[in-house]
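Enquirer: Provide a 3D model corresponding to the input given below.
(chains A and B)
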2 protein chains.
Amino acid sequence: MSASPPAVVLLSGGLDSATCLLVARSEGFAVHALSFDYGQRHRIELERARALANRYGPAAHRVLPLDLPDRGSALTDPSAEIPKDALGREPIPSTYVPARNTLFLAHALAWAEPLGARDIFLGANALDYSGYPDCRPEFLEAFEKMANLATKAGIEGKSAFRIRAPLLRLTKKEIVLLAQTLGLDFSLTSSCYDPKPGGRPCDRCDSCLLRARGFREAGVSDPLDLR
Amino acid sequence: MSASPPAVVLLSGGLDSATCLLVARSEGFAVHALSFDYGQRHRIELERARALANRYGPAAHRVLPLDLPDRGSALTDPSAEIPKDALGREPIPSTYVPARNTLFLAHALAWAEPLGARDIFLGANALDYSGYPDCRPEFLEAFEKMANLATKAGIEGKSAFRIRAPLLRLTKKEIVLLAQTLGLDFSLTSSCYDPKPGGRPCDRCDSCLLRARGFREAGVSDPLDLR
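Expert: Numbering: from 1, shown residues only, chains lettered A, B, ... in the order given. This next block holds a predicted model:
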């Protein structure tokens, strides 16, 4: 009998990262979930990350504070407007957070190496997404290559680390269907960038629009619509 | 008249990063210095980083907290021994900190992009060093490539970011001589991994041994020896 191998999973609290957590679990990994408090306006996602961690029982869950520059992004600058009804209008919208996935993955790598984890999962998606450069396959491949040159395990084990993005080439519809198959309780997730008081989604930001399209095309009803 | 372009400089408080700061300054950059409190045992280096910032007047100096796993390294685990009189004994000694330069550079990138800085300096050295994988040129090249795929500025400007390691291929002797030419006050720096109470260097860790060799070969006296 061998123990489950550890994996680090980036868990934002959104639909994609929650699905990713269940994918890692279904592959038999002992999930070490990692969330970040980086001053995001949609702080409800941290509550959802904790709720998801409680429900799906990872081996560990850390929420790390991350000190980002104040005005780098509309997602962290309370004086900025979150774009509404504007999906696809800008190649890279103002909700882009400089170096976000680079930082998230760097922290995951720092945790993974001493833990003995070699698989790092994230819910990046390059089809139904907002155009962020750090969600594209070429970025993830470059990060993996860099990680294996940066670390003791990487150079001793020759490409020991694997950056796993199982949703990378799925449509949002396919993600909803995969999540349903894996038994995800959708009501524990939050996708909105600009939630109303009480946490109700705005229904108009890029993230709400992408989520709604995915549920609609999958023919699944989103429990967040009923709240 | 054009203002000095900004650059981000990683400033640990050691000899190499202090020299690197003066190199960036001598190239006409407005230096934005970045230091990290990652639970290092040799916390005196943070005092020295602040003293260096005071003396050499960067445009800004940030000291970021960084939450690393407790037992990832002898440098952050107070129950571990710092290797003494052991320079070169291990290919990668226990003072290796997993993903340290990856994290430092990721934070530098997150600061640089909204600031408009495209040059990120660090004092990495691949000749007289302890064998850390994230001080090697192949790592730095891979990070630069990744950074230019990760960011808006990187993909819009096509390889906008430059990871600058001006000491990469210098011997410690050459670094001491360069620092002297640039007017570095050596007494403001600290290199020891395991300083005695009051901050006096141990004279026996890798970092002390490398520093002593550099000063000796350069024929320069180290003011830290006189304290």
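Enquirer: when you work out contacts or count neighbours from here on, use the C-alpha atoms and nothing else.
Expert: Noted.
Enquirer: just the residues contacting the lengthiest helix in chain A, thanks.
Expert: Looking across chain A with DSSP state H, the single longest helix is helix A:100-115. Helix A:100-115 has contacts (C-alpha atoms under 8 Å, 6 or more residues apart in numbering or on different chains) with A:6-10, A:34, A:36, A:118-120, A:134-135, A:143, A:147, A:151, A:153, B:68-69, B:71-72, B:98-100, B:102-103, B:106-107, B:110, B:147, B:150.
Enquirer: stretch A:163-174 now?
Expert: A:16, A:20, A:23, A:119-128, A:136-137, A:140-141, A:143-144, A:175, A:210-211, A:213-218.
Enquirer: which members of those occur in helices, if any?
Expert: A:16, A:20, A:23, A:137, A:140-141, A:143-144, A:175, A:210-211, A:213-218.
Enquirer: in ChimeraX, how would I select the buried members of those residues?
Expert: Restricted to buried positions by 16 or more other C-alpha atoms under 10 Å in any protein chain shown, the ChimeraX selection for the ones in helices among the contacts of stretch A:163-174 reads:
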select /A:16,20,23,137,140,141,143,144,175,210,211,213,214,215
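Enquirer: now, which of the ones in helices among the contacts of stretch A:163-174 lie close to chain B?
Expert: residue A:143 (C-alpha under 8 Å from any C-alpha of the partner chain).
Enquirer: so where's chain A uncertain?
Expert: For chain A, the stretches with pLDDT under 70 are A:1-2, A:227.
Enquirer: please enumerate the strands of it.
Expert: A:6-10, A:30-37, A:60-65, A:119-121, A:162-164 (DSSP state E).
Enquirer: tabulate those (CSV), appending mean neighbour count.
Expert: Supplementary listing: the strands of chain A in CSV, determined by neighbours: other C-alpha atoms under 10 Å in any protein chain shown:
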stretch, mean neighbour count
strand A:6-10, 28
strand A:30-37, 23
strand A:60-65, 15
strand A:119-121, 25
strand A:162-164, 20
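Enquirer: which one, of these, ends up nearest to residue B:58?
Expert: Across the strands of chain A, residue B:58 has its closest neighbour in strand A:60-65 (26.0 Å, C-alpha to C-alpha).
Enquirer: quick one, that closest one and strand A:30-37 angle?
Expert: Inter-element angle recorded for strand A:60-65 and strand A:30-37: 20 degrees (by axes from the mean of the first three to the mean of the last three C-alpha atoms, to 10 degrees).
Enquirer: sheet partners, orientation included, of strand A:60-65?
Expert: strand A:30-37 (parallel) (DSSP bridges).
Enquirer: contacts only, for residue A:7.
Expert: So residue A:7 contacts A:24, A:29-32, A:112, A:117-121 (C-alpha under 8 Å, 6+ apart).
Enquirer: 7 Å instead, please
Expert: Counting by C-alpha atoms under 7 Å, 6 or more residues apart in numbering or on different chains, residue A:7 touches A:29-32, A:117-120.
Enquirer: quick one: name the residues of chain A near chain B.
Expert: A:64, A:67-69, A:72, A:98-99, A:102-103, A:106-107, A:109-111, A:113-114, A:133-134, A:139, A:142-143, A:145-146, A:149-152 (C-alpha under 7 Å from any C-alpha of the partner chain).
Enquirer: how about 8 Å then?
Expert: Close to chain B, as judged by C-alpha under 8 Å from any C-alpha, chain A has residues A:64-69, A:71-72, A:92, A:98-103, A:106-107, A:109-111, A:113-114, A:132-134, A:138-139, A:142-143, A:145-147, A:149-152, A:155.
Enquirer: need the buried ones from these selected in ChimeraX.
Expert: Selection of buried members from these for ChimeraX, criterion 16+ other C-alpha under 10 Å:
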select /A:64,66,67,68,69,72,98,99,100,101,102,103,106,107,109,110,111,113,114,132,133,134,139,142,143,145,146,147,149,150,151,152
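Enquirer: tell me the contacts of residue A:84?
Expert: Counting by C-alpha under 8 Å, 6+ apart, the residues that residue A:84 touches are A:204-206.
Enquirer: again with residue A:56
Expert: Shown in contact with residue A:56 (C-alpha under 8 Å, 6+ apart): residue A:22.
Enquirer: again with the one 4 residues further on
Expert: With contacts defined as C-alpha under 8 Å, 6+ apart, residue A:60 is in contact with A:31-33.
Enquirer: let's see it at 6 Å
Expert: Residue A:60 makes contact with residue A:32 under the criterion C-alpha atoms under 6 Å, 6 or more residues apart in numbering or on different chains.
Enquirer: gap between it and residue A:33?
Expert: 6 Å (C-alpha to C-alpha, to the nearest Å).
Enquirer: before we move on, what about residue A:81?
Expert: Taking C-alpha to C-alpha, one finds residue A:81 at 30 Å from residue A:33.
Enquirer: one more: residue A:46?
Expert: In terms of C-alpha to C-alpha, residue A:46 sits 12 Å off from residue A:33.
Enquirer: residue A:206 now?
Expert: For residue A:206, the distance to residue A:33 (C-alpha to C-alpha) stands at 25 Å.
Enquirer: on that earlier part again, neighbour-wise, which of the contacts of residue A:84 leads?
Expert: Ranked by the number of neighbours (other C-alpha atoms under 10 Å in any protein chain shown), the contacts of residue A:84 place residue A:206 first, at 24 neighbours.
Enquirer: please name the residues that touch that residue.
Expert: So residue A:206 contacts residue A:87 (C-alpha under 6 Å, 6+ apart).
Enquirer: now with 10 Å?
Expert: A:82-89, A:93, A:95, A:129-130, A:191-193, A:212 (C-alpha atoms under 10 Å, 6 or more residues apart in numbering or on different chains).
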